[in-house]
Each structure stands twice: as structure tokens, then as C-alpha cells.
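Peer 1: coords please:
(one chain, ligands or ions: 3)
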Amino acid sequence: MGFRPFVFKLACHFSIAGTVTNTSEGVVIQAAGPQIFSFIEALSSEAPPLARVEALFHRPLEKRLQADSFTIVASRSGASSRANIPPDISVCQDCFEELTDPADRRFGYPFINCTNCGPRFSIIETIPYDRPKTSMKDFAMCGACSREYLDPMNRRFHAQPNACPACGPAISLHDSQGRPLKSADVVAAAITAIIQNKVLAIRGLGGFHLCVSGCSAAAVTTLRDRKNRPDKPLAIMVKDLLLAEKLCVIDDQEKRTLNSPQHPIVLLKPRPDSPLAPNLAPEMSDIGLMLPYTPLHHLLFAHPDCPAALVMTSGNISGEPICTSNDEALDRLAGIADLFVLHNRDIVTRVDDSVVKRVAGEIRAFRRARGYAPEPLHISQKLPEFIGCGGGLKSTFSLARSTSIYPSQHIGDLFNTTSLSFYSESVDNLKRLYEIEPVAAACDLHPDYLSSHFAVELGLPLYKIQHHHAHAAAVMAEHNLEGPVLAVVLDGTGYGTDGTIWGGEILQADLRGFSRLGHLEPLPLPGGDAAAQEPWRMGLSLLYRLFGEECGMMDLLSSVDPASKNILVQMLQNRFNTPLTSSCGRLFDGFAALLGLTTVSTFEGQAAMQLEALARGSLTTRWKDILVGEIEGAEPYLKKEKEQRWEINSAKFVKKALDDISSGMDRSAIALQFHSWLISCISRLVEKLSGTTGIRDVVLSGGSMQNGILLEGLLFSLTELGLNPYTGARIPINDGGVSIGQALIGGMQHVSRSTNES
Ligand code: ZN
Ligand code: ZN
Ligand code: FE
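Peer 2: Ligands and ions are numbered 1, 2, ... in the order given. Below you'll find the model as predicted:
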């Protein structure tokens with residue numbers, strides 16, 4: 001975006017004659033002039049912040065150029081269709097300065113934007129990306145805006161959402177019934193309500209936010225009660241980096257990310273002495289922080305009475321997609337919000353805030369949405385037009401064509417009809433935007449995922465991809481690995497080829513198939529899926545594995561009532577509703593419960609996060625050295641019955657840990673030992689498997705790898721063993737990446753099948 005005007009300005013600077021145009025191959029420039037080589041060099045060295053020059057080729061012109069000036073040639077209709085759909089970008093510095101300059105005609109205007117910033121993906125209806133094909137089509141530009149739009153030297157040349165107070169969209173204030181409230185200053189009225197601990201619903205860029213003061217425990221409690229969200233951390237927004245640093249511990253890499261054009265939510269450690277409401281996040285947990293990314297956000301924070309932090313959490317009913325339209329929000333958020341700040345620029349595509357975290361030295365996407373979607377991932381394989389339908393939790397889907405995979409924005413957990421309709425509406429949307437018509441599809445092996453049903457109903461050749469194979473392939477896609485690799489996938493749950501629940505897997509994988517070489521010892525999962533919400537169940541399962549029915553009498557898991565424990569023991573004895581699982585997430589749950597952390601969790605990964613936070617308390621600079629020493633010592637935990645796969649025996653370790661607990665050892669040290677034990681067992685096993693297979697590339701993936709101690713430890717110890725570990729950063733290693741792996745494996749399988757058939 002903004003690349004042709006940039007070329008134009010550069011051409012003027014170097015006195016170049018010729019043309020620039022967008023084609024399906026990319027940007028084509030015809031140029032002539034004595035300073036041609038300086039011009040060519042400046043094309044990549046001075047490219048605007050949002051442009052990424054992936055490759056630059058030049059060759060002599062076939063015939064002499066007639067022109068003596070430089071012009072921008074309109075893109076041929078359809079030609080730009082293969083061009084990328086740009087993501088939504090936070091307010092740029094130039095626009096911010098105009099927004100806050102009383103002399104500027106856009107002073108205080110909540111929809112200021114230019115070619116370097118503003119809405120894109122969220123407002124585009126069809127391509128090519130032109131104003132009549134966006135939700136700005138209803139706003140006719142005034143004279144002043146048109147002149148900017150048509151002037152190649154202006155920052156707003158061809159800025160499709162260009163607008164001003166005279167001609168563009170506007171904000172308005174409404175009560176909980178949707179009745180408009182007369183207010184000369186909507187921002188001031190919103191701030192007054194926030195200080196009074198009211199809950200606001202604010203229509204934003206990709207959807208609604210629910211907003212309360214982040215410094216008022218009472219306001220946070222109200223929001224939590226109304227949203228039925230008791231513990232899960234709430235994201236906050238603060239005015240700027242300076243203030244952010246007063247609230248959280250932030251390193252340079254995190255600062256750059258907070259301030260990047262994407263402005264994602266960054267998960268950070270809150271400072272103990274910060275003025276933040278204590279109930280924003282459970283003890284020891286990270287907090288999601290972002291900086292203002294729309295003009296309206298800046299206006300709220302510019303008000304002198306604005307609290308130091310505002311909660312900005314998704315404007316949805318728990319488990320549903322965020323609301324985008326005014327009517328939808330007034331209807332669904334009526335019981336939650338006291339006041340609505342609406343606007344009249346339609347949101348065409350729902351896009352949540354992206355979430356990233358610095359784990360093991362790199363910023364990694366946990367939720368890839370606003371600012372990143374729908375940018376493609378480039379691979380070296382050639383795929384047919386294809387769709388990977390994703391999984392069940394944190395779902396996404398991915399379209400593919402040729403050497404590109406286009407992952408959708410984060411859709412969310414796919415458990416009800418509202419989220420399914422968001423999902424299928426997004427599939428249609430992205431297919432239209434990229435003009436991709438899949439000839440085949442891939443889905444998860446799990447027969448009950450709504451995404452699997454969706455895939456079946458497409459009526460296309462369908463490839464069912466094992467969940468953890470897909471996890472592995474997502475990392476392979478990001479690093480352009482062909483395989484074979486050894487894949488360590490530590491995860492919550494995924495349907496296995498044997499019908500049991502997998503989740504602590506070591507696979508040998510390439511882009512077409514895999515074999516399961518090892519896994520965590522399978523344990524009964526009492527109550528099936530319910531066990532994921534109630535970590536004490538896995539705690540009891542671990543005890544049962546060691547002590548049989550006696551385990552109901554033990555004084556561990558003391559916060560659980562004895563009757564419930566007895567029922568569970570009976571289930572375990574009778575093997576009633578106790579499917580086996582090798583899940584790593586469930587092992588973390590069980591161990592956390594035994595250490596007296598969460599017994600019942602209200603959001604996914606809660607127990608594992610607490611276990612990691614507890615372990616962090618014992619981390620020292622010597623930890624990694626100690627870790628290397630422990631790898632040899634992992635041998636007794638590995639077992640392999642002849643012809644069988646390797647198993648990592650967790651019961652043995654749990655037994656030892658229970659002895660440590662009863663001898664009064666520090667729980668934080670035990671929590672760290674658990675991490676170290678798992679890292680050393682996996683490292684030792686991977687080392688063995690590398691020896692027998694000759695494979696040295698190791699891929700690390702799965703939701704449990706979001707645990708920083710685990711990921712950092714594994715990257716370190718595998719490197720020490722002379723292996724090459726890889727993991728995800730741009731693509732989530734959690735289930736958000738599964739559809740990318742599916743698209744790659746499924747696409748490759750379809751290519752093989754088509755070639756074999758012909
Ligand atoms: Zn701008
Ligand atoms: Zn205007
Ligand atoms: Fe998974």
C-alpha cells in the first residue's frame with residue numbers, strides 16, 4: 001500500500017521518466033533517466049514502512065520510452081486481485097500529530113488516516129481495493145479530501161478510507177436501549193462514564209470492545225460479573241510506552257512490538273506496585289497490554305481525566321465472536337454495557353486484537369488477527385487451490401494457492417452456531433478477496449469438530465489430517481522445512497489415529513505423512529472432556545495410577561469434596577468414561593492440582609500457566625547448566641516394550657515429587673523440577689531417535705509450548721545435543737496454526753494423488 005505514490009515521488013526526485021502500475025506479477029515500473037541505478041537502489045532501501053519488497057528484478061526496456069514525465073497508470077481491472085489484501089494498521093505518527101494539532105482540519109477527528117495507516121482488511125468488501133468496494137463507499141469525499149486523494153505528492157494519495165469531519169464517518173453516544181444521547185463531546189461523556197465505573201461498549205476497528213477503568217477494582221468486578229468471566233486476564237490499553245513501563249516490566253523487543261504498525265496486545269508481567277486493579281488478572285499471571293491504535297483511542301487518552309489504564313476486552317458474550325454491527329452490539333451487549341459509543345463506518349470483516357508474547361527470546365504470535373491477517377505465508381512447495389479447515393479451539397482456516405498459504409484471522413472456539421456462522425462467513429469473505437476456489441479440503445481427524453463437519457459439507461476431495469501432524473507442519477511451513485523432521489508436539493488434546501486422545505507426542509514427520517515414535521504415558525482422563533476444566537480430576541488420576549483406590553483417602557487435593565473424589569475413584573476402577581490420553585496439557589493440569597494450585601479452571605491453560613509462574617520463582621541463571629546434567633539422568637523414565645513405541649513414564653516422577661511435597665520441599669522448586677524433568681526426558685528421547693533415524697531437524701509445536709520454561713529449555717538442551725530445533729513465531733504454535741499445517745499436508749497429499757491418478 002502506498003507503494004505507487006512512493007515510486008512516483010522517487011521518480012520525481014531522480015528525474016526519471018516512465019510509468020508504474022500494479023499487475024498480477026507485482027508492481028511493474030518502466031523507467032528511463034541518467035540516475036536510473038540510484039533510483040533502482042532507492043526502491044528497496046527507501047521503501048515506506050508498510051511496504052515489503054520481496055524481490056526486485058530489472059532488465060533493459062525493449063524499446064525506447066516515449067514519455068518525458070512519470071505517471072501512475074491505473075491497475076487493470078482484475079490485475080490487482082492477486083495482490084495482497086493489506087491488514088489494518090495503527091495510527092501513524094503524521095496522523096497522530098494532525099489529530100492533536102488544534103490548527104489542523106482533522107483536529108480531534110476519530111477517523112483520521114492516510115496511506116501509511118488506518119483500516120484496510122476490516123473495511124474491504126471486494127477487490128480491487130478501491131473506495132467504492134469498501135464500507136467507505138457511502139461517504140463522498142469533500143473537495144479538500146478529494147484534492148488530497150488525487151495528488152500523487154500527498155500522503156493521502158489514493159488513501160481509500162480518506163475522510164474528514166466535513167465528509168466522513170462520525171461517532172455517537174447511546175444509552176443501553178440504543179437511544180441516542182445528546183452530547184456535544186462524546187469523548188468527554190465517555191470518560192465521565194468510565195470514571196463513574198460504568199461499562200462502555202465501544203465500536204472500534206475490527207469489532208466492539210467492552211471498556212472500563214483498568215484502575216478500579218469495582219469496575220473490573222462489574223464487568224467480570226456481567227460478562228461471566230471470573231478469572232481470565234483482561235487486556236488493557238494505556239496511553240503510551242512511558243506509562244506502560246510504569247505498569248509492566250517491558251524489554252526493548254517488547255517495546256518495539258507494542259509500537260509496531262500492528263500494535264498487538266503483548267503479554268507482560270505487571271509490576272507489583274502498579275496502580276492497576278488487582279482483579280485484572282489472577283495472581284502471578286501475565287497481563288495483556290496494548291497501546292492506542294485508532295484515533296478514538298488516542299482521543300480517550302488525551303482527555304485529562306482518563307484513567308492510567310482502560311480495560312479493552314472483546315465486546316462479545318463469552319464463547320461468541322465479537323460484535324461488529326451497531327444493532328448486533330445493542331442487542332447482545334445490552335445486559336453488559338451501560339453506554340454505547342457507536343460509529344457509522346461499517347465493519348465488513350470481524351478482526352480481533354492480535355496477542356503476542358516474548359517466549360524464549362522471540363516475539364511469538366498467540367493469536368494472529370488485527371494487523372497481521374490476512375497476510376500470506378510463502379512456502380517453497382506448490383499447492384493447488386485448497387482449504388485447511390482448522391480445529392476446534394482457537395480456530396482459524398487457511399486458503400492456499402501455489403506457493404502461498406493465506407491463514408484467516410483468529411476466529412475463536414468453534415462450539416456454537418454463532419461462532420460457526422462467523423467462521424463460514426469468513427471463509428466466503430477470504431475466498432472472495434483472494435479469488436481462491438478450493439478444489440480439495442483438509443480437516444482434523446476429530447469427527448465432532450464443527451470445522452470437520454463444515455469440511456465434509458464442502459463436498460470436495462477431503463484429507464483428514466492428524467492434529468499433531470498438522471501442528472508440526474505449521475512450524476515446517478514457517479521455516480520452509482521439507483522434512484523428514486522429528487516433531488515434539490506438546491499439546492492439550494488432539495484426536496489420534498487409534499481413536500485415543502493424543503497430546504504429548506514425538507513424531508517422525510514430513511509434509512505427506514508421519515509415524516508416532518514416542519509419547520507421554522497414556523493416563524485415564526476421568527470424565528473425558530470435563531477433565532480439561534477440572535484439573536483435580538487429572539490430579540486424582542495420577543494418584544490412582546500410583547496408589548489405586550487408596551488415593552481417595554489421601555490428604556492431597558484437599559479442597560475437593562470427598563464425595564466427588566469417591567465418584568471419580570469408582571469411575572477409574574470401572575473404567576467408566578475414562579478415555580486414555582497422552583496429553584501434555586492434562587499432565588500439567590494434574591500436577592498443578594497436586595501442588596495445590598488450580599483445582600477447577602475457568603479458562604483454557606489456567607493451571608499450566610500457574611504451574612509455570614510458580615516454577616519461575618525458582619529459576620536461576622544456573623538452571624540451564626543443571627538441565628544439561630539432567631539429560632543423562634532421564635533414562636529411567638523412558639521405556640520401550642519390544643515392537644512398541646517409546647513412552648515417557650510420568651508416574652515415576654510424580655511419585656518422587658509427592659515424596660518431596662510430604663518432606664516439605666518448596667513447591668516452587670518442585671514445579672521447576674517438573675519442567676526440568678519433562679525437558680530432559682524429551683531431549684534424551686529425541687537424541688535417541690535422532691540416532692536411530694539420522695534426522696537432526698527437530699520441530700517444537702503445540703499449545704503447551706507456549707510455556708516459556710518448557711520452550712526455552714527444549715531449544716537450549718536440543719541445541720546442546722547438536723540438533724537443530726525449530727519452533728513457531730509468526731504462526732501460532734497453539735491450535736491457531738493447525739489450519740496452516742492442514743493446508744500444507746492436505747495440499748501435498750492432493751498433489752500426489754492427482755499425479756498418481758493421471
Ligand atoms: Zn496516517
Ligand atoms: Zn473531507
Ligand atoms: Fe492442538
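Peer 1: tell me which element Leu267 falls in.
Peer 2: Using DSSP states H and E, Leu267 maps to strand 265-270.
Peer 1: by contact count, what packs against that strand?
Peer 2: If you count contacts as 3 or more Cβ pairs under 8 Å, 6 or more residues apart in numbering; DSSP states H and E, strand 265-270 packs onto strand 248-249, helix 252-258, strand 287-290, strand 355-359, strand 362-367. Heads up, the C-betas are built off the backbone N, CA and C, glycines and all.
Peer 1: can I get these in CSV including distance to Thr222 and mean pLDDT?
Peer 2: As requested, the helices and strands packed on strand 265-270 are exported to CSV (distance: least, Cβ to Cβ, whole Å; pLDDT from 0 to 100):
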stretch, distance to Thr222, mean pLDDT
strand 248-249, 24, 96
helix 252-258, 28, 98
strand 287-290, 19, 97
strand 355-359, 24, 97
strand 362-367, 25, 98
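Peer 1: whatever residue of the stretch 401-550 of the chain ends up closest to ligand 2 and Cys248, how far apart?
Peer 2: Across the stretch 401-550 of the chain, the shortest distance to ligand 2 (Cβ to the ion) belongs to Leu433, at 27.1 Å. As judged by Cβ to Cβ, to the nearest Å, Leu433 and Cys248 stand 36 Å apart.
Peer 1: repeat that for Arg432.
Peer 2: Arg432 is 40 Å from Cys248, by Cβ to Cβ.
Peer 1: name the nearest residue to Ser739, sequence neighbours excluded.
Peer 2: Nearest residue to Ser739, sequence neighbours excluded (Cβ to Cβ, 6 or more residues apart in numbering): Gly390, at 3.7 Å.
Peer 1: what of Ala140?
Peer 2: Residue nearest to Ala140 in three dimensions, not counting chain neighbours: Cys167, with 6.5 Å by Cβ to Cβ, 6+ apart.
Peer 1: so the one you found lies in a helix, does it not?
Peer 2: No. Residue state for Cys167 (DSSP: H, G, I helix; E, B strand; the rest coil) corresponds to coil; a helix is not indicated.
Peer 1: neighbours of whichever residue of the stretch 201-350 of the chain sits closest to ligand 1, how many?
Peer 2: Nearest residue of the stretch 201-350 of the chain to ligand 1: Pro295, at 9.4 Å (Cβ to the ion). Applying other Cβ atoms under 10 Å, we find 25 residues neighbouring Pro295.
Peer 1: quick one: residues contacting it.
Peer 2: Val91, Cys95, Leu99, Tyr109, Pro110, Phe111, Ile112, Asn113 (Cβ atoms under 8 Å, 6 or more residues apart in numbering).
Peer 1: right, and the helices and strands packed on strand 265-270 - which one's nearest ligand 3?
Peer 2: Across those, closest to ligand 3 is strand 362-367 (Cβ to the ion), at 13.0 Å.
Peer 1: hmm, who's touching that closest one?
Peer 2: Looking at what lies outside strand 362-367 - Cβ under 8 Å, 6+ apart - the contacts are 253-254, 257, 264-267, 352-358, 372, 394, 410, 706, 728-734, 736.
Peer 1: what subset of those is buried?
Peer 2: Among the contacts of strand 362-367, the ones that count as buried by 16 or more other Cβ atoms under 10 Å are 254, 257, 264-267, 352-358, 372, 394, 410, 706, 728-734, 736.
Peer 1: assign Ser38 to helix, strand or coil.
Peer 2: Using three-state DSSP, the secondary structure recorded for Ser38 is helix.
Peer 1: what's around it, how many residues?
Peer 2: 15.
Peer 1: can you check Gln177 too?
Peer 2: 8.
Peer 1: now do the contacts for it.
Peer 2: By Cβ under 8 Å, 6+ apart, the contact set of Gln177 is Leu330, Ala334.
Peer 1: can you give me the strands for the stretch 1-150 of the chain?
Peer 2: 17-23, 26-32, 70-72 (DSSP state E, counting those that start in this stretch).
Peer 1: who in this protein is up against ligand 1?
Peer 2: Within the chain, the positions adjacent to ligand 1 are Cys92, Cys95, Cys114, Asn116, Cys117 by Cβ under 5 Å from the ion.
Peer 1: least confident of those?
Peer 2: Across the residues of the chain next to ligand 1, the smallest pLDDT goes to Asn116, namely 91.
Peer 1: for that one, phi and psi?
Peer 2: Phi and psi for Asn116, reported as degrees, to the nearest 10, are phi -90, psi 0.
Peer 1: so what's the nearest residue to it once chain neighbours are set aside up against?
Peer 2: Once flanking residues are discounted, Asn116 sits nearest to Cys92: 4.3 Å by Cβ to Cβ, 6+ apart. Residues in contact with Cys92 (Cβ under 8 Å, 6+ apart) are Pro49, Cys114, Asn116, Cys117, Pro261.
Peer 1: if you set the cut-off to 10 Å instead, what comes out?
Peer 2: Residues near Cys92 by Cβ atoms under 10 Å, 6 or more residues apart in numbering: Pro49, Leu50, Glu98, Ile112, Asn113, Cys114, Thr115, Asn116, Cys117, Gly118, Arg155, Pro261.
Peer 1: that older thread, between Arg432 and Cys248, which is the more surrounded one?
Peer 2: Cys248 (24 against 14).
Peer 1: what about the closest residue to that one other than its chain neighbours, how many residues nearby?
Peer 2: Once flanking residues are discounted, Cys248 sits nearest to Leu268: 3.9 Å by Cβ to Cβ, 6+ apart. By other Cβ under 10 Å, the residues close to Leu268 number 22.
Peer 1: was I right about Leu268 contacting Gln253?
Peer 2: No. Leu268 is not in contact with Gln253 according to Cβ atoms under 10 Å; the separation is 11.7 Å.
Peer 1: any common contacting residues for those two?
Peer 2: Common contacts of Leu268 and Gln253, defined by Cβ under 10 Å, 6+ apart, comprise Arg358.
Peer 1: mind listing what's buried in stretch 403-413?
Peer 2: Within stretch 403-413, the residues that count as buried by 16+ other Cβ under 10 Å are Ser404, Ile405, Tyr406, Pro407, Ser408, Gln409, His410, Ile411, Gly412, Asp413.
Peer 1: tell me which of those residues is nearest to Asp666?
Peer 2: Using Cβ to Cβ, Asp413 is the member of those that lies nearest Asp666, at 36.3 Å.
Peer 1: so what's that closest one up against?
Peer 2: Asp413 neighbours (Cβ under 10 Å, 6+ apart): Gly319, Glu320, Pro321, Gly391, Gly392, Leu393, Lys394, Ser395, Ser419, Leu450, Glu604, Asp735.
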